[in-house]
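> Make a model of this:
(2 chains)
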Amino acid sequence: MSIRERLSGNEAVAVALKQIDPDVVAAYPITPSTEVPQYFAQFVADGQVNTEFVTVESEHSAMSACITATAAGGRSATITSACGLALMWELLYVASGSRLPVTLAVVNRALSGPININNDHSDSMGARDSGWIQLYSENNQEAYDNYIMSLRIAEHKDVLLPVMTCQDGFITSHAIENIELLEDEKVKKFVGEYKPEHSLLSGEKISIGPYDTPMFYFEHQYQRARAMVDSKKVILDVSKEFAALSGREYGLFEEYKMEDAERAIVVLNSTAGTAKAVCDELRANGEKVGILKLRVYRPFPMEEIAKALAHVKAVAVMDKAESFSAMGGPVFNDVRSACYELKTRPHIINYIYGLGGRDVPTTDIKIVFDALKEVVKNDKPGEIYRHVGVRGV
Amino acid sequence: MSKMVEVRWHGRGGQGAKTASLLLADAAFNTGKFVQGFPEYGPERMGAPITAYNRISDERCPIHSNIYEPDYVVVVDATLLSAVDVTGGLKKEGAIIINSAKSPEELKPLLEGYEGGVYTIDAGKIAEEEIGRNIPNTPMLGAVVKVSGVIPEAEFFKDMEASMHHKFANKPHVIEGNMKALRRSMQEVKGL
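Okay, the predicted model is just below:
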């Protein structure tokens, strides 16, 4: 029996952390993720967890503390948003390059400047090449579930890569919604004890993070890249085990009414839910539309996505981050590239949307589906790199 | 999703419109509903106009956007009537509930020709008399439940009493005042 509750996305992550009771949590507050370490600090003060809570002086230090604690053999976690994640940048690569399974709950927020505290994905999208696994969450339930699963994925011997679990700042982090929690003992049993094969406090004579000469560096990078490829299977295995425990099934992505879809939207995080509602509405009018919601963005499920989109006539990939590449956003470029080898492939266009907390109403999703109708009719993509919800274009 | 009720709250920073929306979400959750309760975050400061929202339904609502066509609008501070388009998108089958000592007829001219239900409740006075402070949350909540019928009244009272006993375990003296404020607001809301 699960526990029926109503929690904000931030509360959900804090509860997951409490149930997991990691050895070390090191965090520095930043809107909109501040509540997570705030709630967790209360759990520490109330003696509900045994965690060593380190109140560091910056996010750079938070990630450094997590790296060293994990290298020492502990399970460590941190939480951040936006510029906090940017300040961790250097250490993100150190964590994954040292193959340390740190977990990080990201509450997505726009990067400065100009300064903005609201949601988009410019923070975590910028970290997509840092060797971290990235999981995205539609709502509080998925933020909770993904976070619990992230430890098992990160710590698996075939992976040993850090994982960041993302959810939309304010939109889900500060929205109270229903949630089904697992009992403490079930979570504890699921995540188990962290027993690294090698660690600094194990008594072995080892060194972690030393200088890597040209004789070895390339091989280590190859191994890290290989681990990212191999993690796909582990993510699916862990998700299956989690489904048996919770009844909630997760894959690399969710296909919503995709079987006979002629037009599809690819989207991640909270807007996926809004898009599903619009999809239902259009389906009721006989329109063949579907949604592909990405859950796992790193590793990128290249073959699986190509297969899922092969029968579709026109696809719009939604990016809540600019990449200033003059050729569209990051998710778009990956999805489009994944479809290149298909014998018949859909037209694929890109929509940048919702930057800096611009609300994404159902009418924006309708605009995108309508635009796809034109693409299908003309059998031409027209303008490929587009924006929706921005004034003056 | 046919039964989904959408509520938009207008208040000023510091008045507790966000808290009120969370209280309504809690009350609906406790009667078995699926709920959303969320504020719209901007450059918040005391006194600035703020907006908060509720979606209440029998199934989980997947939509994560602000509410543009609410069934009900709740105005916690009547001075907003001339500052914010409070009836914007409000369904005419719905209603607006305003915290004011004035009658619905007196306030109607400020509502840009809104054709739906108009209700007023002197939440500030009720709060002062029953709770001892001008915190209009509890009476506003009572008025919203009364007008919208989104939660059965008997269940609502039972649940509110239980949650107040939990919330104010260390301050039992405030429970009676809050419960009285709820009852009075449901009786005194004007325009029914």
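
> burial of residue 15, as a residue count?
The chain I'm using is chain A. 25 (other C-beta atoms under 10 Å in any protein chain shown). C-betas here are computed from N, CA, C, even on glycine.

> That was the other one, I meant chain B.
Residue neighbour count, defined by other C-beta under 10 Å, stands at 22 for B:Gln15.

> what residues are up against the residue lying closest to it once chain neighbours are set aside?
The shortest distance from B:Gln15 to any non-neighbouring residue, by C-beta to C-beta, 6 or more residues apart in numbering or on different chains, is to B:Val76 (5.2 Å). Counting by C-beta atoms under 8 Å, 6 or more residues apart in numbering or on different chains, B:Val76 makes contact with B:9-12, B:15-17, B:20, B:99, B:123, B:136, B:140.

> Give me the helices and strands touching the helix or strand of chain B with the lowest mean pLDDT, please.
Lowest mean confidence among the helices and strands of chain B (mean pLDDT, DSSP states H and E): helix B:153-167, at a mean of 86. Applying 3 or more C-beta pairs under 8 Å, 6 or more residues apart in numbering or on different chains; DSSP states H and E, we find helix B:153-167 packed against helix B:17-30, helix B:137-148, helix B:173-188.

> Check these for me and report the most buried one.
Mean neighbours per residue, mean count of other C-beta atoms under 10 Å in any protein chain shown, is largest over the helices and strands packed on helix B:153-167 for helix B:137-148, with a mean of 26.

> Pull up the residues of the stretch 101-250 of chain A that are close to chain B.
Within the stretch 101-250 of chain A, the positions near chain B by C-beta under 8 Å from any C-beta of the partner chain are A:117-118, A:138-139, A:168, A:170-172, A:174-178.

> ranking those residues by neighbours, who comes first?
Neighbour max across those (other C-beta under 10 Å) = A:Asp168, 32 neighbours.

> what bridges to that residue?
Listed beta-bridge partners, A:Asp168: A:Asn108 (assigned using DSSP bridges).

> contacting residues for it?
By C-beta under 8 Å, 6+ apart, the contact list for A:Asp168 reads A:9, A:107-108, A:119, A:269-270, B:64.

> A:Asp359 contacts B:Asn66, doesn't it?
Yes. Between A:Asp359 and B:Asn66 there is a contact under C-beta atoms under 8 Å: 4.9 Å.

> Give the residue spans of chain B that score low on pLDDT.
Along chain B, segments meeting pLDDT under 70 span B:1-2, B:43-44, B:192.

> Report the separation between B:Tyr72 and chain A.
Distance of B:Tyr72 to chain A, given as C-beta to the nearest C-beta, to the nearest Å: 18 Å.

> show me the contacts for the closest residue to that residue other than its chain neighbours.
Nearest residue to B:Tyr72, sequence neighbours excluded (C-beta to C-beta, 6+ apart): B:Val7, at 4.7 Å. For B:Val7, the contact set (C-beta under 8 Å, 6+ apart) comprises B:21, B:24, B:53-56, B:67, B:70-74, B:144, B:148.

> Just to be sure, B:Val7 is in a helix?
No. Remark: B:Val7 does not belong to a helix; assigned using DSSP: H, G, I helix; E, B strand; the rest coil, it is strand.

> Bridged to it, which residues?
Applying DSSP bridges to B:Val7 gives these bridge partners: B:Asn54, B:Tyr72.

> follow-up on the earlier one: turn the helices and strands packed on helix B:153-167 into TSV, columns for distance to A:Glu281.
Below are the helices and strands packed on helix B:153-167 laid out as TSV (distance: least, C-beta to C-beta, whole Å):
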stretch	distance to A:Glu281
helix B:17-30	24
helix B:137-148	24
helix B:173-188	36
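
> what about those, which gets the closest to chain A?
Closest approach to chain A among these (C-beta to the nearest C-beta): helix B:17-30, 4.4 Å.

> Let me know whether the closest one sits next to chain A.
Yes. If you take C-beta under 8 Å from any C-beta as the test, helix B:17-30 does meet chain A, through B:22, B:25-26, B:29.

> one step back: show me what counts as buried in the least confident helix or strand of chain B.
Of the residues in helix B:153-167, B:156-157, B:159-160, B:164 count as buried by neighbour count, 16 or more other C-beta atoms under 10 Å in any protein chain shown.

> Distance-wise, check A:Val106 relative to A:Arg128.
Going from A:Val106 to A:Arg128 by C-beta to C-beta, to the nearest Å gives 12 Å.

> isn't B:Lys91 right up against B:Ile67?
No. At 10.8 Å, B:Lys91 does not count as touching B:Ile67 under the criterion of C-beta under 8 Å.

> more crowded one of those two?
Applying other C-beta under 10 Å to B:Lys91 and B:Ile67 shows that B:Ile67 carries more neighbours, namely 22 against 13.

> who touches the more buried one in this structure?
By C-beta under 8 Å, 6+ apart, the residues touching B:Ile67 are B:6-8, B:53, B:55.

> With A:Ile235 instead?
Going by C-beta under 8 Å, 6+ apart, A:Ile235 touches A:133, A:149, A:153, A:252, A:296, A:299.

> From the contacts of A:Asp168, pick the one nearest B:Gly132.
Distance to B:Gly132, by C-beta to C-beta, is smallest for A:Gly9 among the contacts of A:Asp168, at 35.3 Å.

> And the pLDDT at A:Ile348?
Confidence at A:Ile348, expressed as pLDDT, is 98.

> A:Phe300 now?
For A:Phe300, the pLDDT comes out at 98.

> Run the chain-centre distance for stretch A:116-125.
The chain centroid and the centroid of stretch A:116-125 are separated by 12 Å under C-alpha atoms, centre = their mean, to the nearest Å.

> Now do that stretch: distance from first to last residue.
Chord length of stretch A:116-125, first to last residue, is 17 Å (C-alpha to C-alpha, to the nearest Å).

> Just the mean pLDDT for that stretch, thanks.
The average pLDDT within stretch A:116-125 is 97.

> Identify the residues contacting that stretch?
Contacts of stretch A:116-125 (C-beta under 8 Å, 6+ apart): A:31-32, A:81-83, A:85-86, A:106, A:108-111, A:134, A:164, A:166, A:168-171, A:268-270, A:319-323, A:329-331, A:354-357, B:41.

> Swap in 6 Å and give it another go.
By C-beta atoms under 6 Å, 6 or more residues apart in numbering or on different chains, the residues outside stretch A:116-125 that reach it are A:31, A:82, A:85, A:106, A:108-111, A:166, A:168-171, A:320-321, A:330, A:354-357.

> ok so A:Glu383 is a strand residue?
No. A:Glu383 is assigned coil when assessed by three-state DSSP, not a strand.

> what about it, distance to B:Ala162?
Between A:Glu383 and B:Ala162 the computed distance is 57 Å (C-beta to C-beta).

> Can you get me the centre-to-centre distance for the helix or strand harbouring A:Gln221 and its chain?
Here A:Gln221 sits within helix A:217-246, counting by DSSP states H and E. Centroid separation for helix A:217-246 versus its chain: 14 Å, with C-alpha atoms, centre = their mean.

> Stretch A:285-304 now?
15 Å.

> Contacts for that stretch, please.
Residues from elsewhere that reach stretch A:285-304 (C-beta under 6 Å, 6+ apart): A:128, A:133-134, A:136, A:228, A:231-232, A:235, A:252-258, A:260-266, A:268, A:272, A:275-276, A:279, A:282, A:308, A:334, A:338, A:369.

> residue contacts, B:Phe168?
Taking C-beta under 6 Å, 6+ apart, we find B:Phe168 in contact with B:174-175.

> at 8 Å what do you get?
B:174-175, B:178.

> try B:Pro172
Counting by C-beta under 8 Å, 6+ apart, B:Pro172 has contacts B:His165.

> Look up how far chain A lies from it.
Taking C-beta to the nearest C-beta, one finds B:Pro172 at 23 Å from chain A.

> Ramachandran coordinates for that residue?
Phi and psi for B:Pro172, reported as degrees, to the nearest 10, are phi -60, psi -30.

> of A:Val106 and A:Arg128, who's got more company?
In terms of neighbours (other C-beta under 10 Å), A:Val106 is the more surrounded of A:Val106 and A:Arg128; the figures are 30 against 19.

> I'd like to know how far the residue nearest to B:Gln15 sits from A:Ile133.
B:Val76 sits 44 Å away from A:Ile133, taking C-beta to C-beta as the criterion.
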